[in-house]
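# Got a predicted structure plus its sequence, pasted below:
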Amino acid sequence: MVFFNKKQKQLAERHSASHLRTLYEFSEKQLLNSAKSGDLLALKEHMEKHRMFEYALLYKHTPEFKEKQRSKKWKNLKK
């Protein structure tokens with residue numbers, strides 16, 4: 001899918017959904033703290049991280065990701 005970039009796809013493949021959810025929640029707290037402090041530079045940085053984790057989580061639910069995982073398991077079984 002063109003909607004997700006390479007880094008988001010790699011995050012989804014390398015980390016479990018629960019770990020990504022934890023990272024997402026942590027980034028959300030950072031985002032809220034930087035918004036409260038009024039630091040726009042930190043807000044932008046935290047928003048990029050937050051979006052990255054959110055999209056990686058979303059990618060885990062796509063048919064493309066599920067098919068990729070099935071094909072990897074199949075290849076490993078053949079070896």
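Perfect, I can see it now.
# Now tell me what touches stretch 42-53 from outside.
Stretch 42-53 is touched from outside by 7-8, 11, 20, 23-24, 27-28, 30-31, 34-35, with contacts defined as C-beta atoms under 8 Å, 6 or more residues apart in numbering. Yep, even glycine has a C-beta here, placed from its N, CA and C like the rest.
# ditto for stretch 34-41
42-43, 45-46.
# what does the average pLDDT come to for stretch 8-27?
Stretch 8-27 shows an average pLDDT of 96 in the prediction.
# Kindly apply the preceding question to stretch 40-54 instead.
Per-residue pLDDT over stretch 40-54 has a mean of 96.
# May I see the buried residues of that stretch?
Neighbour-count burial for stretch 40-54, counted by 16 or more other C-beta atoms under 10 Å, picks out 43, 46, 49-50, 52-54.
# and the next element down the chain from the strand or helix carrying Thr22?
Following DSSP states H and E, one finds Thr22 within helix 17-37. Downstream of helix 17-37, the next assigned helix or strand under DSSP H and E is helix 40-59.
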